[in-house]
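> structural data only, the sequence is not supplied:
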């Protein structure tokens, strides 16, 4: 399992590097932008995850608030990970079965973005991110097939909410001098602490835009 977790992290970093390199190249020709304290920032995003069951396309959004020091942004985020259709085969008490299912997950968490003022004369701002929250799955009804008797049995699987931590980093690129609008790329690693995924580490890479509210 450790080897698998390490592989997930490497894959996530590889995807993130593509986004971050592209944004860095654009930002190299920009000018300094203002980062306003006391402002809210709304940011929808799309991306992909790896580690739960192959790659998943995902999406969501977050809201951040810039504190007076301009570099610390508490945030709240929601992400939706649609499940991939899967089939698992096996036997129980000598009876063969196939189990068809799809597991959809929602991530609700809060945390903090910490801006790193590395490029003081450029509109590019790297940041670190750390969050705590919950991975939520809803009740679902799966189909279990019994080929020996040519029958299908519906099975209800209860949902749940499980605590998870996440961390990573990203880059913001502010468009124009006002700092009111921009794009960003971010990579995170999730570690569920409870529930069926407690022995799994998975990664998420996302790309989106943001705009500030006064």
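Arrived safely. This is a predicted model, so every value here is computed, not measured. Residues are numbered from 1 along each chain as shown.

> quick one, phi/psi of the most far-flung residue of the chain relative to its centre?
Distance from the C-alpha centroid of the chain peaks at residue 149, with 42.3 Å (CA atoms, centre = their mean). Phi and psi for residue 149, reported as degrees, to the nearest 10, are phi -120, psi 10.

> per-residue pLDDT of it, please?
Residue 149 carries a pLDDT value of 86.

> so after the lowest-mean-pLDDT helix or strand in the chain, what's the next helix or strand?
In the chain, no helix or strand scores lower on mean pLDDT, DSSP states H and E than helix 2-27, which sits at a mean of 45. Toward the C-terminal end, the helix or strand that comes next after helix 2-27 (DSSP states H and E) is strand 40-50.

> partners of that following strand, with directions?
strand 55-65 (antiparallel), strand 202-213 (antiparallel) (DSSP bridges).

> and those as TSV, adding mean neighbour count, mean pLDDT and distance to residue 122?
Any C-beta I mention is one placed from the backbone N, CA and C, and that applies to glycine too. Formatted as TSV, the strands paired with strand 40-50 follow (neighbours: other CB atoms under 10 Å; pLDDT from 0 to 100; distance: least, CB to CB, whole Å):
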stretch	mean neighbour count	mean pLDDT	distance to residue 122
strand 55-65	18	92	21
strand 202-213	21	92	17
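
> would you turn those into JSON lines with distance to residue 83?
JSON lines is the format used below for these (distance: least, CB to CB, whole Å):
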{"stretch": "strand 55-65", "distance to residue 83": "7"}
{"stretch": "strand 202-213", "distance to residue 83": "13"}
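
> point out the one among the ones you listed that comes closest to residue 144.
Proximity to residue 144 (CB to CB) singles out strand 55-65 among these, at 23.4 Å.

> still on that earlier bit, closest one to residue 86 among the strands paired with strand 40-50?
Across these (criterion: CB to CB), the nearest stretch is strand 55-65, sitting at 11.6 Å.

> so how far is that closest one from its chain's centroid?
6 Å (CA atoms, centre = their mean, to the nearest Å).

> got a list of contacts for that strand?
39-50, 73-84, 107, 113, 204, 206, 208 (CB atoms under 8 Å, 6 or more residues apart in numbering).

> I'd like the next helix or strand past it.
Downstream of strand 55-65, the first helix or strand assigned by DSSP H and E is strand 72-81.

> just the mean pLDDT for that following strand, thanks.
Mean predicted confidence for strand 72-81 is 95.
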